[in-house]
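Colleague: could you work out the structure for the sequence below:
(chains A and B)
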Amino acid sequence: MSAEEIRKVFMILLKYLVPTLKVFGFTLLYSIPLGMIVALLKMCRVKLISWITNIYILIMRGTPLMLQIIVAYYAVPMLKQSENLPGFLNNMLSAVNIQDESFMFNAVIVAFTLNYAAYFAEIFRGGIESIPKGQYEAAASLSMNKLQTFFHVILPQVVKRVVPASANEIITLVKDTSLANVVAYAEITMKAKQQMQNYSSLIPLFIAGLFYFVLAMILTVISASVEKKLNYYK
Amino acid sequence: MAMLEVKNLSKSFGSTEVLKDISFTVEKGEVWAIIGPSGSGKSTLLRCINQLEKASGGEIKVCGKDMLIKNEKGKTVYAPPSVLRDIRLNIGLVFQNFNLFPHMNVLRNITEAPVRVLKKNRSEAEKTAMELLGKMGLSDKAKAYPCELSGGQQQRVSIARALALNPEMLFFDEPTSALDPELTGEILKVIKELAAEGMTMVIVTHEMGFARDVADHILFMEGGVIADEGTPEKLFGENASERTKQFLQRFKNN
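Modeller: Purely as a prediction, here's the structure:
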């Protein structure tokens, strides 16, 4: 490939960095709060709730994300075809327009969010459970209520403890966004594959790899600085 | 005026009875020490009064307010949550392991509850906190984090934190047990000063000399019951029970 061609491919991939970052950003935006909720549900004293949550986590962590993306994408059109569905499900499905341009993006985000929330939930649960009982007792002896205790005493300490493990997940997520190409979501990996075929060259793939590598580097630097910032206490 | 009235208090964990038929009354301004071997129920007793453990039976009255009562059917019931919260505000608790909030500096540790619970404004709470720190000899540590302090300093901060809610009574659960022997003195000095100011206190302790010096009344607990009680003169004198003498003998030998 000539220098001019490489430049051209680089610019195309740079353009498709946007949909890659969209999947990354929206997944984080939804899966971190959802993960916190799932973590709290799993620790719920009502056995049924913690049991259901556990099954959800088992399925999400026990099956490939790629498979989940395919299911999320094809579930709606497939279910629409089948007849005797319960009425409420029919109503829900008819509200979804599979011709709509945003449908594919939404399906991808649903799969990523549900998958990543399960991983975050386990990290957050570990963080919450690692806070010593004495912290709850001290807050209680000071007459703080449950919400005050959680948000002002427990959560800030959990954040510090979960940053390293969460950063790990977030870096994995950058690279996992490439799985969205399985349903023909146009992002960097898919475009790189097309350019590889156009030019019969591996160079587009290396350029794509470079993009992921740089993103991962940036995230590594950010996580290290966050960790340092939270190091004001032990 | 009775600050704390405990009547026939019992507590079981499963089938193990850890407190049996405990009764005593603490008057305003009194200092009570609770002594006894490990596992005798001393800490559980404090924790039951502080609502960190649920009592199984009996009655508790704090500052004249019913906390735990027997209802008409003879069942042991707690006061409604709002009353329990009020009662809790009357008692400050100092833990063996300090339990300071590690992510907050010293000043924040002390002001957090007054600001969040009593809805005091921050500058007012900080003024009170600085006064308390001055009293504890820690004025220069207001901006320090707990991990930067010695155990003795951390315990003094936790005493200031408990005092910041202006409680009627202060409970200490083995306040010096986690400290190096050379640091226990500074905590005992603070407690003595509080006693001189007339603070009502209940102190679970293994410091026998201290209990003898500072307490008006001593409870000797063993196996979940009050095995002996009385003034320090009685418990440390010839009129103590044989078991008390035997227990105290071990400390004299040390």
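
Colleague: rest of the way, CA atoms for contacts and neighbours
Modeller: OK.

Colleague: which bits of chain A sit near chain B?
Modeller: Counting by Cα under 8 Å from any Cα of the partner chain, the positions of chain A adjacent to chain B are A:134-135, A:137-138, A:140-144, A:148, A:153, A:156-157, A:232-234.

Colleague: can I assume residue B:24 sits in a strand?
Modeller: Yes: with DSSP: H, G, I helix; E, B strand; the rest coil as the criterion, residue B:24 is assigned to a strand.

Colleague: tally of neighbours for residue A:221?
Modeller: Residue A:221: 11 surrounding residues under other Cα atoms under 10 Å in any protein chain shown.

Colleague: just say helix, strand or coil for it.
Modeller: Classification of residue A:221 using three-state DSSP returns helix.

Colleague: coming back round to it: which among the residues of chain A next to chain B end up buried?
Modeller: A:134-135, A:137-138, A:140-144, A:148, A:153, A:157, A:233 (16 or more other Cα atoms under 10 Å in any protein chain shown).

Colleague: min pLDDT across the residues you listed, which one?
Modeller: Within the set of these, pLDDT is lowest for residue A:233 (88).

Colleague: so who does it touch?
Modeller: Residues in contact with residue A:233 (Cα atoms under 8 Å, 6 or more residues apart in numbering or on different chains) are B:102, B:103, B:145, B:146, B:147.

Colleague: most neighbours among those residues, which one is it?
Modeller: residue B:146 (26 neighbours).

Colleague: ok, that residue - contacts?
Modeller: A:233, B:100, B:101, B:102, B:104, B:105, B:106, B:154.

Colleague: gap between it and residue A:113?
Modeller: Separation of residue B:146 from residue A:113 (Cα to Cα, to the nearest Å): 38 Å.

Colleague: specify the residue positioned farthest from the middle of the chain.
Modeller: Looking at chain A here, since you left the chain open. residue A:141 (38.4 Å; Cα atoms, centre = their mean).

Colleague: could you do chain B instead?
Modeller: residue B:73 (32.1 Å).

Colleague: helix, strand or coil: sort out that one for me.
Modeller: Once three-state DSSP is applied, residue B:73 turns out coil.

Colleague: re the thing from before, would JSON lines of the contacts of residue A:233 with pLDDT be doable?
Modeller: Converted to JSON lines, the contacts of residue A:233 look like this (pLDDT from 0 to 100):
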{"residue": "B:102", "pLDDT": "96"}
{"residue": "B:103", "pLDDT": "96"}
{"residue": "B:145", "pLDDT": "96"}
{"residue": "B:146", "pLDDT": "96"}
{"residue": "B:147", "pLDDT": "95"}
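
Colleague: can you pull the contacts of the spatially most central residue of chain B?
Modeller: Taking Cα atoms, centre = their mean, the centroid of chain B lies closest to residue B:171, which sits 1.5 Å from it. Contact partners of residue B:171, counting by Cα under 8 Å, 6+ apart, are B:46, B:91, B:92, B:93, B:94, B:201, B:202, B:203.

Colleague: and it, how far is that from residue A:50?
Modeller: Counting by Cα to Cα - residue B:171 and residue A:50 are separated by 37 Å.

Colleague: do the same with residue B:46
Modeller: As judged by Cα to Cα, residue B:46 and residue A:50 stand 33 Å apart.

Colleague: try residue A:165
Modeller: Distance from residue A:165 to residue A:50, by Cα to Cα: 23 Å.

Colleague: the more surrounded of those two?
Modeller: Between residue A:165 and residue A:50, counting by other Cα under 10 Å, residue A:50 is the more crowded of the two (18 against 14).

Colleague: which strand or helix spans the more buried one?
Modeller: Using DSSP states H and E, residue A:50 sits in helix A:47-62.

Colleague: now do residue A:69
Modeller: helix A:65-81.

Colleague: please state the offset of that helix from the chain centre?
Modeller: A distance of 18 Å separates the C-alpha centroid of helix A:65-81 from that of its chain, computed with Cα atoms, centre = their mean, to the nearest Å.

Colleague: okay, buried residues for the helix or strand immediately after it in the chain please.
Modeller: Note on helix A:65-81: by DSSP H and E, the next helix or strand toward the C-terminus is helix A:87-94. For helix A:87-94, burial by neighbour count (16+ other Cα under 10 Å) applies to residue A:93.

Colleague: what mean pLDDT does helix A:87-94 have?
Modeller: 78.

Colleague: lowest-scoring secondary structure element of chain A by mean pLDDT?
Modeller: helix A:87-94 (a mean of 78; mean pLDDT, DSSP states H and E).

Colleague: which strands or helices does that one pack on?
Modeller: Judged by 3 or more Cα pairs under 8 Å, 6 or more residues apart in numbering or on different chains; DSSP states H and E, helix A:87-94 is in contact with helix A:65-81.
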